[in-house]
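Enquirer: Sequence and predicted structure below; questions after.
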Amino acid sequence: MSNFMKVSQSRRKHPPFVSGRLAFSFALGLMAFAPSPVLANVDANTSMSVQQQKQSINGVVKDANGDPVIGASILANGTPVGVTDMDGRFSVSVAPGTELKISYVGFATQSVMVRSGVTNYNITLKDENSALSEVVVVGYGTQKKANLSGSVAQLDSKALENRPISNVSSGLQGLLPGITVTGADGAPGLDNGTILVRGVGTLNSASPYILIDGVEAGTLNSLDPEDIASISVLKDASSAAIYGSKASNGVILVTTKRGQNGAPKVSYSGYFGIQNATALMERMNSADAAYYYNKALERSGKAARFSDEAIKKFRDGSDPYNYPNTDWYDLAFKTAWQNRHSVNITGGNEYVKYLASAGYLKQSSILPNAGREQFNGRANLDMVLSKRITAHLNLAYIQNNYRDASSAYAGGSSDQIIRQLNIIAPWIVYKYEDGTYGTVSDGNPMAWLESGMTVNRNNRNFTGMIGLDYQILKDLKLTLQGAYVDASQRYSYFQKFIQYNPNKASDPNKLEIAHYDWHRTTFDAFLNYDKSFAKHNFKAMLGWHTERYKYLPDWMYRKNFPNNELTDMNAGDASTQQNAGNTRELSMVSYFGRLNYDYAGRYLFEANFRSDASSRFAEAHRWGFFPSFSAAWRISEEPFMESSKSWLNNLKLRASWGQLGNQDALNDYYPWMNTYNLNAKYPFGGQLTPGYYQGSYHLETISWERSTTWGVGLDFTLFGGLTGSLDYYNRKTTGIIMNVSAPAEFALGAYKDNIGALRNQGVELSLAYAKQLNKDWTINVGANFAYNKNKILNLGEGTEYIGSGNRRTAVGQQYNSFFMYKATGKFFNSQQEADDYTAKYGNPFGRKFMAGDLIYEDTNGDNKLDSNDRIYTKHTDIPAITYGFNLGATWKNIDLSMIWQGVGAVSHIYNREVLGEFSGDASHPSTLWKDSWTDDNHNAKLPRVFETGNSPSDMTRAMSTFWLWNTAYLRLKTLQLGYTLPKSALKAIGLEKVRIYYAGENLLTFDALPFNIDPEVTSERGSSYPLLRSHSIGINITF
């Protein structure tokens, strides 16, 4: 009993000593990704003698206004021993002569020397410029923001907490300069969009490299927003080069929350909310659609389809089955519900800190039979094993079950349903009295929805990481960490057979099932050296990384099932069976390093390198070396700036240069190896013998794409509260991997080579101001702005452009530019005017111009209208300008915050199905066509109505700048209003904190579009799932 008590007390003093053999065993277990047991080896008598020298002291920590500082960290001689409670109080047991350091974000760290016999301490923390003291996560470590010489943007958890977002990527819009999120839609679980860091850096995959707690994730969707502590974005080559060939499109580092010193603390966050489409196109009712369709037929020299009596019946609704007025949007789209619940428990002491969290999300869709259900859990553990050894364990699991409504026509997702809801005419009856459906050639979207057909995707992701830090010497530390990621998806889709009515049925039923498995194993080992003497500060890191990745897809298919109930694969017709599967592997080994030097915190220098070898390339071209350099001058620290310190608190000039590679450009596992097909048959001995033949040609010399970036930046702090950064960057990507055209005689077709080149350049600005006005009021304001433009420099010898139709990527132009005729914005106001135009410029479209048609510009001035008059437009569908504003204020227990987000210099094509056509039953025109050209309306918004069945000879519908709309917008992205209950009311019920709040997402949008469509919708065919507006009520509780 006595020995047990001695061991227990010794653990309160210092970490147990771990024998060398046990430490070595732990390291071996780390390399095998399995933790080893750790036993304590304690000298009880020694620890008791030291313990007797301690004395208990109490303290209270307050700010300059006399308010308690909650959660301030208390360190004794550099070792964490506690945190302050809700009243700013703490109690620790330390020996006299111990130096206590009290720190909290936004305040200068205060030091107190414990004196013998003095047991009570009152400590006041002074404000410090948080922008300078803020610790920023960078590759393989952290740095003070004041010491950064590269371009790194950081976001803390508050920007994402309590927002009704189902994934992290869509929540980043408008928060960080240089980060663009495009292409999102509102389908549950599929609303993540595409993230671009400083524009499009290649003609291939341009996605950034994403890591969660140092482990490659590939996507932000494998993360609960409530688990995030911070997000760092490494934007330039100098900061990203440490990740080498995976960092050419930027790096996103996510750090999750970890345990803190103190008694166990339980927190709950949850909300319930509703969602609706932000915008739906306003479309004509049956009477108006029939009237304008008759006008379109008349313009085409055809007889009217609908009589005046029919139009009257459409309007009065007296015969809804023969003369219906179907509102397809109203039938299909409903209010969606969502709720999220997160619970975490955190605590620890100076030897063990832990955090465990669990989350649940359920989100229905605005379409029937669709939605998402998510389960996630996380455990983070930090352990002090000895004076020199600490260990870390991260475990995370997330499972997402998605259901998407599907069609019986070109099925597989809700895209076809959305498209049909946009184009099916209102005079098509939804359902007759006998329960059969009205149809068009493709079917009936409500029949698809009511059949319950769904596409099911079941995704799961497990990540485990174990790490060990060994303090070899005072200034030298070794870090080892291994990780394993296991992810999978099961896809299943059963397309039902539907008998719409006696005269119309869908295609035969069929079943598709696919399994996808991904496995990634990584190991990192690196040394950190940190040394200072006089005013010279050195930091150095040298590391090694290895990884192996395996992908195993398989797919099965059968059709002609006996009915819609027997959906096992064996029930399908075996003669229709198809299947496929394979195994693909990648591996990589890397060496990396970093050197930091600063003199007196005034002159800063950093150098990074990474050398990668990837199995994607042939042995002779496998290695790539990627260096970077950056330097900064903190001008504000110069003696000659001393007189400006009262208002210019910080001024830092930065410059950087670096090179990065791209090994993911091909999305191919073996791009340097020729492939062979195994389904050949050759005649031998009078019979066909199985064989193989070469199916493709690849160059063994294919290698890395390489991006070279340089940039300059300026960081400043004014009047103690206004912080800002201004950056300019220039990035040139060369050796872009592209198809090389081959002559027809070369039977294997095109092959790939490093031939393309692209330049990106831009500017970024960010501003922030935070101030505690008095004990009741605090305010914070932020703004960011970014401009980016790219230019194609080379597409290979003799190649001026790639692409076709109205999209081209051309030398001297932007990536994926619009290529089309230039409309003057005016119409022919008479047939004579149209004929005179034709006589002068000709007509390449096979049908003469008519009054009300668009007028096109002879752009090359040769008095001839032809394909040579097509132009590249100024803007693309990737915004060149992105910006955002965030505003926040608290008054006593009430808090208000909002985020505004916008884009500029961006265009989208909206015509045909989006605006609605006049082509019979498969057309539902927008109400904007009511303002179309007529003999009495020459100042209309749209040209004359026209029957689109004449396409492509109908010049009015030819692709031109007239149908290219300015989709710049400003949006109230999120709004929160919260109330925190007074502490006095919570003590009686044992709660630490309770906050109740309202949160809204996508609440207001300002744009220049003359019709009701969300400007983020990118589909030219109108098949995008609508973006959603959310309203939710939530609560945060800390026990």
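Expert: Yes, it's here.
Enquirer: And the helices in the protein, which stretches?
Expert: Secondary structure of the chain (DSSP state H): helices at 2-13, 20-31, 44-51, 130-133, 168-171, 237-240, 286-299, 308-316, 328-332, 415-423, 445-451, 831-841, 983-987.
Enquirer: list the contacts for the nearest residue to residue 97 once chain neighbours are set aside?
Expert: The spatially closest residue to residue 97, leaving aside those adjacent along the chain, is residue 114, at 6.6 Å (C-beta to C-beta, 6 or more residues apart in numbering). Glycine gets a C-beta too; all of them are placed from N, C-alpha and C. Contacts for residue 114 (C-beta atoms under 8 Å, 6 or more residues apart in numbering) come out as 55, 57, 94-100.
Enquirer: now residue 595
Expert: When contacts are counted by C-beta under 8 Å, 6+ apart, residue 595 touches 538-541, 605-608.
Enquirer: Could I have the buried ones of the residues you listed as ChimeraX selection syntax?
Expert: Listed next is the ChimeraX selection for buried residues among the contacts of residue 595, using 16 or more other C-beta atoms under 10 Å:
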select :539,540,541,606,607,608
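Enquirer: ok, now how distant is the residue nearest to residue 97 from residue 82?
Expert: 13 Å (C-beta to C-beta, to the nearest Å).
Enquirer: what pLDDT does the closest residue to residue 443 other than its chain neighbours get?
Expert: Spatial nearest neighbour of residue 443, excluding adjacent residues (C-beta to C-beta, 6+ apart): residue 409 at 5.2 Å. Residue 409 is assigned 76 on the pLDDT scale.
Enquirer: How many residues are close by residue 409?
Expert: Close neighbours of residue 409, defined as other C-beta atoms under 10 Å, add up to 20.
Enquirer: now residue 524
Expert: The tally of other residues near residue 524 (other C-beta under 10 Å) stands at 21.
Enquirer: ok, now residue 1023?
Expert: Residue crowding around residue 1023 was assessed by other C-beta under 10 Å; the count is 21.
Enquirer: so it sits right up against residue 419, yeah?
Expert: Yes: assessed by C-beta atoms under 8 Å, residue 1023 is found in contact with residue 419 at 4.1 Å.
Enquirer: overlap in contacts of the two?
Expert: With C-beta under 8 Å, 6+ apart as the test, residue 1023 and residue 419 both reach residue 913.
Enquirer: how about low-confidence regions in the stretch 701-850 of the chain?
Expert: 744-745, 747 (pLDDT under 70).
Enquirer: got the contact list for the nearest residue to residue 433 once chain neighbours are set aside?
Expert: Among residues not flanking residue 433 along the chain, residue 321 sits closest, at 6.4 Å (C-beta to C-beta, 6+ apart). Residue 321 makes contacts with 429, 432-433, as judged by C-beta under 8 Å, 6+ apart.
Enquirer: One more: residue 810?
Expert: For residue 810, the contacting residues are 792, 795, 800-803, 817, 819, 872, by C-beta under 8 Å, 6+ apart.
Enquirer: my read: residue 276 touches residue 366, true?
Expert: Yes: using C-beta under 8 Å, residue 276 makes contact with residue 366 at a distance of 6.7 Å.
Enquirer: shared neighbours of the two, which are they?
Expert: With contacts taken as C-beta under 8 Å, 6+ apart, residue 276 and residue 366 have 333, 335-336, 1028 as neighbours in common.
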